[in-house]
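Q: no sequence on hand, only this structure:
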DNA sequence: GTCTATATCTAGATAGAC
DNA sequence: GTCTATCTAGATATAGAC
């Protein structure tokens, strides 16, 4: 076991502990004592690997945004005609977030700190939002039968509606008091796309 | 000046100070010292009106969700044919949030604390999300020419896309690194609705 | 590099004068 | 009801032994 490996292990250990604590208590609500305890190291070790609390937080969020929580649409989901693939795609996105408590907490953390750590929210946009939008746009453009004039804007609309479901139902706990049907939403969205394709086909024969 | 009025004034004063501090620093990042200083009262006065920090925070968020930040679509925006009223409505929603820094901070605060204060996020859903959805649904149903089978699901989709714009562009500061055209979005959304209306009319003559 | 022990400060909350 | 002054706990960060 080399020194370099030991150092890497400790750093990873610390980041794992920090992730748990920051996800559970937010930035200001997290103490370096508990980070050290959860990571299984002493406090000076934490300060040996990271300059201070801010530095640890920035390093953590950037690492997590790059390495975890990236939604990558699988090929088998994207395959087939749009009346099958689009509902699959929408269900997959919503379920990915609704089933993953850590994902929801990470979104809460990044949005909650976006006023005080704007560059971290930009990292979130760069590594999570923008690739998601690009994938959706690619999907739309691989289905020319949609016939959309502005695939980027449509991608925003589709993604936005799915994010809204996750935000209001799960992140904001609206499911308990204002349950919205996932199935109805997916059906309405799919129908909207198919209807649009039909109309565009009529208008541009 | 009666005692009752004096008490009301102090409570309002405290809530105003607390609002500023909580919006700027979040729940855990806000100190009761600064709340008192910003409100222009002493700390024991704060504790005389509110049981503790949590009680103050709950009272504040509930009051603000009920009294401020409610989006009420104006009649002159909703009037006219949908190819005029819908773009106006979308632009109004997005601009309302993009122009109001306090609104953005309030959203950050509620989402950021939604894991630790779930009942406050439900209050947010009850007083801000649900009425917004209902208004959109009412608008759609007052325009039978849309011909939607599921007006609630369509209302979600429209609102969701607008919220997504605000979230990614302004709250998460995506505008600096991934600018999305408000005009393109509004045009695409409007066209989607008009196309859908056309198709529905064809399929149900 | 890592720990025990500690310095320093600020937090939430309150006692007691008026 | 409101203030000054204060208590106590827990926060960030580090000194110094190993």
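A: Received, thanks. Everything numeric in this text was worked out from a predicted model, so none of it was measured. Numbering: from 1, shown residues only, chains lettered A, B, ... in the order given.

Q: CA atoms for contacts and neighbours, from now on please.
A: Fine.

Q: residue A:74 and chain B, how far apart?
A: 23 Å (Cα to the nearest Cα, to the nearest Å).

Q: ok, that residue to DNA strand C distance?
A: 39 Å (Cα to the nearest atom of the strand, to the nearest Å).

Q: likewise residue A:196?
A: For residue A:196 relative to DNA strand C (Cα to the nearest atom of the strand), the value is 53 Å.

Q: residues in contact with that residue?
A: Residues counted as contacts of residue A:196 (Cα atoms under 8 Å, 6 or more residues apart in numbering or on different chains) are A:146, B:192, B:195, B:196, B:199.

Q: so what's the residue count around the nearest residue to residue A:150 once chain neighbours are set aside?
A: Excluding the flanking residues, the one nearest residue A:150 by Cα to Cα, 6 or more residues apart in numbering or on different chains is residue B:188, at 6.9 Å. Per other Cα atoms under 10 Å in any protein chain shown, the neighbour tally for residue B:188 reads 22.

Q: mean confidence score for the helix or strand harbouring residue B:188?
A: Assigned by DSSP states H and E, residue B:188 belongs to helix B:182-203. Mean pLDDT, helix B:182-203: 94.

Q: show me which positions of that helix end up buried.
A: Buried residues in helix B:182-203, counted by 16 or more other Cα atoms under 10 Å in any protein chain shown: B:182, B:185-200.

Q: can you list the domains in chain A?
A: Following automatic domain parsing, one gets these domains for chain A: A:3-67, A:75-203.

Q: rank those by pLDDT, which is bottom?
A: Ranked by mean pLDDT, these end with domain A:3-67 in last place, scoring a mean of 92.

Q: if we can go back for a sec, got the angle for the helix holding residue B:188 vs helix A:182-203?
A: Counting by axes from the mean of the first three to the mean of the last three Cα atoms, to 10 degrees, helix B:182-203 lies at 90 degrees to helix A:182-203.

Q: returning to what we had before: just name the most buried of the domains of chain A.
A: domain A:75-203 (a mean of 19; mean count of other Cα atoms under 10 Å in any protein chain shown).

Q: show the end-to-end separation of it, please.
A: 32 Å (Cα to Cα, to the nearest Å).

Q: just send the contacts of residue A:196 back as JSON lines, with distance to DNA strand D too.
A: Compiled in JSON lines, the contacts of residue A:196 are given as follows (distance: Cα to the nearest atom of the strand, whole Å):
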{"residue": "A:146", "distance to DNA strand D": "52"}
{"residue": "B:192", "distance to DNA strand D": "49"}
{"residue": "B:195", "distance to DNA strand D": "54"}
{"residue": "B:196", "distance to DNA strand D": "53"}
{"residue": "B:199", "distance to DNA strand D": "58"}
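
Q: just give me the closest of those residues to DNA strand C.
A: Closest approach between these and DNA strand C, by Cα to the nearest atom of the strand: residue B:192, at 48.9 Å.

Q: please name the nearest non-neighbouring residue to that closest one.
A: Computed as Cα to Cα, 6+ apart, the closest residue to residue B:192 that is not its neighbour in sequence is residue A:196, at 6.0 Å.

Q: ok, that neighbour to residue B:204 distance?
A: Per Cα to Cα, residue A:196 is found 15 Å from residue B:204.

Q: then residue A:104?
A: 41 Å.

Q: which residues in chain A form strands?
A: Ranges of strands in chain A, per DSSP state E: none exist.

Q: in it, what residue is nearest chain B?
A: At 3.8 Å from chain B, residue A:112 is the closest residue in chain A, using Cα to the nearest Cα.

Q: next up, the contacts around that residue.
A: Contacts of residue A:112 (Cα under 8 Å, 6+ apart): B:26, B:108, B:109, B:110, B:111, B:112, B:113.

Q: so the second one touches residue B:172, yeah?
A: Looking back up the chat, that one is residue B:108. No: counting by Cα atoms under 8 Å, residue B:108 does not reach residue B:172; the two are 9.3 Å apart.

Q: who touches both of the two?
A: A:111, A:114.

Q: give me the spatial nearest neighbour of residue A:43, chain neighbours excluded.
A: Residue A:43's closest residue in space is residue A:36 (Cα to Cα, 6+ apart), at 5.3 Å.

Q: and stretch A:33-45, how far out from the chain's middle?
A: Counting by Cα atoms, centre = their mean, to the nearest Å, stretch A:33-45 is centred 28 Å from the centre of its parent chain.

Q: brain fart, stretch A:23-40
A: On Cα atoms, centre = their mean, the centre of stretch A:23-40 falls 22 Å from the chain's centre.

Q: out of the domains of chain A, which gets nearest to residue B:168?
A: Among the domains of chain A, the nearest to residue B:168 by Cα to Cα is domain A:75-203 (7.2 Å).

Q: now for the residue nearest to residue A:115 when sequence neighbours are not counted: which residues touch it?
A: Distances taken as Cα to Cα, 6+ apart put residue B:105 closest to residue A:115, at 7.0 Å, once the chain neighbours are dropped. Neighbouring residues of residue B:105 by Cα under 8 Å, 6+ apart: A:115, B:23, B:24, B:171.

Q: what's the closest non-adjacent residue to residue A:61?
A: residue A:120 (6.9 Å).

Q: check contacts around the one you found.
A: A:58, A:61, A:62, A:110, A:114.

Q: reformat these as JSON lines; add distance to DNA strand D.
A: Output for these, formatted as JSON lines (distance: Cα to the nearest atom of the strand, whole Å):
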{"residue": "A:58", "distance to DNA strand D": "12"}
{"residue": "A:61", "distance to DNA strand D": "16"}
{"residue": "A:62", "distance to DNA strand D": "18"}
{"residue": "A:110", "distance to DNA strand D": "18"}
{"residue": "A:114", "distance to DNA strand D": "19"}
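
Q: that concludes my questions; thank you for your assistance.
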